[in-house]
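A.B. asks: this one's sequence-less:
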């Protein structure tokens with residue numbers, strides 16, 4: 001745990017990445033696997049991770065993301081894209097996958113399926129999207145930790161036009177909506193005003209409330 005905390009103290013939202021450096025594929029694969037294993041509400045995994053290495057696509061995104069250069073200076077761009085709605089088909093697909101992988105049907109699990117089917121699809125699509133987007137943020141947290149563990153820099157970004165990113169990546173026709181961007185790369189030796197500054201967080205006493 002002490003090593004993990006050291007890694008978390010090392011990480012920061014990198015402002016300038018070294019465009020000459022490429023994150024090793026095995027590291028990217030481990031970061032993605034960590035995201036895949038992350039918890040989600042009801043185990044539905046209602047989002048996908050789009051890995052954008054194509055330089056032209058990343059260049060097309062930059063003007064719609066406040067011209068943040070990490071998108072192109074990094075070697076990989078992860079786009080967390082949530083389901084635009086919960087449908088019976090999507091829910092059943094995940095429940096069926098669980099049954100197939102486990103090799104049997106569980107009565108409690110099937111009862112839970114019916115409860116979810118009765119609650120989620122009837123709701124407003126925007127309510128369902130917002131719920132799915134919150135699951136994507138859980139995956140983002142895992143990604144930040146996993147990247148730090150691998151010694152890979154990252155910069156979570158909410159400052160972008162989701163509709164434009166969806167259009168560029170063809171997400172709408174897949175029933176997905178972009179939630180957050182995460183460039184991966186390596187910090188530049190120069191040009192990053194934040195790199196050498198002390199990490200500042202609220203004190204434990206101010207941040208954590210214990211009710212014993």
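C.D. replies: On my side now, so go ahead. If you're wondering where the values come from, they're calculated on a predicted model, not measured in any experiment.
A.B. asks: next one: the longest strand along the chain to chain centre, how far?
C.D. replies: When the chain is scanned for its longest strand (criterion: DSSP state E), the result is strand 176-185. Distance, stretch centre to chain centre, for strand 176-185: 6 Å (Cα atoms, centre = their mean, to the nearest Å).
A.B. asks: all strands for the protein, in order.
C.D. replies: For the chain, applying DSSP E gives strands covering 47-52, 76-83, 153-154, 176-185.
A.B. asks: most packed of those?
C.D. replies: Compared across those, strand 153-154 shows the largest average neighbour count, a mean of 28 (mean count of other Cβ atoms under 10 Å). The C-beta positions use only the backbone N, C-alpha and C, and glycine is treated the same way.
A.B. asks: quick one: average pLDDT of that one?
C.D. replies: On average, the pLDDT along strand 153-154 is 98.
A.B. asks: same question for stretch 24-43.
C.D. replies: Stretch 24-43 comes out at a mean pLDDT of 99.
A.B. asks: which residues touch it?
C.D. replies: Stretch 24-43 is contacted from outside by 45-47, 49, 51, 76, 78, 94, 98, 112, 116, 131, 134-135, 138-139, 141-143, 145-147, 150-152, 184, using Cβ atoms under 8 Å, 6 or more residues apart in numbering.
A.B. asks: try stretch 155-163
C.D. replies: In contact with stretch 155-163 (Cβ under 8 Å, 6+ apart) are residues 13-15, 17, 61, 64-66, 68, 70-71, 74, 140, 144, 177-183.
A.B. asks: what is the least confident helix or strand in the chain?
C.D. replies: Between all helices and strands in the chain, the lowest mean by mean pLDDT, DSSP states H and E belongs to helix 2-10, at a mean of 94.
A.B. asks: quick check: buried residues in that one?
C.D. replies: If you call a residue buried by 16 or more other Cβ atoms under 10 Å, then helix 2-10 has these buried ones: residue 7.
A.B. asks: and that helix, what does it pack onto?
C.D. replies: Counting contacts by 3 or more Cβ pairs under 8 Å, 6 or more residues apart in numbering; DSSP states H and E, helix 2-10 packs against helix 125-149.
A.B. asks: and the angle for the helix it packs on with strand 76-83?
C.D. replies: Counting by axes from the mean of the first three to the mean of the last three Cα atoms, to 10 degrees, helix 125-149 points 150 degrees away from the direction of strand 76-83.
A.B. asks: contact partners for the residue positioned nearest the centre of the chain?
C.D. replies: Nearest to the geometric centre of the chain sits residue 140, at 3.4 Å (Cα atoms, centre = their mean). Residue 140 makes contact with 80, 156, 180, 182 under the criterion Cβ under 8 Å, 6+ apart.
A.B. asks: spatially nearest residue to residue 189 (excluding sequence neighbours)?
C.D. replies: Excluding its sequence neighbours, the residue lying closest to residue 189 (Cβ to Cβ, 6 or more residues apart in numbering) is residue 18, at 7.2 Å.
A.B. asks: which pLDDT value does the model give the one you found?
C.D. replies: Residue 18 is given a pLDDT of 97.
A.B. asks: how many residues are close by it?
C.D. replies: Neighbour count of residue 18, defined by other Cβ atoms under 10 Å: 19.
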